[in-house]
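1. the following block contains a protein sequence and its predicted model.
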Amino acid sequence: MKKVEKRSPQYQMRLVEEFRQQLEEQAKIDGAGSLATWIKRILRKELSARGIEPKG
């Protein structure tokens, strides 16, 4: 029997191309595997800074 992996729903954002390039460059410098991974890390860090424990 196949194990079904639960995945969270996707969230789409529109980014101006130049802005996206800037973000991708910074993610690459930080060694992130993808822009989405880098953005999630940044958002978790921001929640922590506000005293909120990130879930997930």
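-> That came through, no problem. Numbers count the residues shown, from 1 in each chain.
2. burial count for Ile42?
-> Number of residues near Ile42 (other Cβ atoms under 10 Å) recorded here: 14. Every residue, glycine included, has its C-beta placed from N, CA and C.
3. which parts of the helix or strand hosting it are buried?
-> Secondary structure from DSSP states H and E places Ile42 in helix 35-49. Burial within helix 35-49, assessed by neighbour count using 16 or more other Cβ atoms under 10 Å, is assigned to Leu35, Trp38.
4. show me what that helix is packed against.
-> helix 17-29 (3 or more Cβ pairs under 8 Å, 6 or more residues apart in numbering; DSSP states H and E).
5. and the helix it packs on, how far from the chain's centre?
-> Distance, stretch centre to chain centre, for helix 17-29: 13 Å (Cα atoms, centre = their mean, to the nearest Å).
6. pLDDT (mean, whole number) over it?
-> Throughout helix 17-29, pLDDT has a mean value of 97.
7. next, the angle helix 35-49 makes with it.
-> Using axes from the mean of the first three to the mean of the last three Cα atoms, to 10 degrees, the inter-axis angle of helix 17-29 relative to helix 35-49 is 80 degrees.
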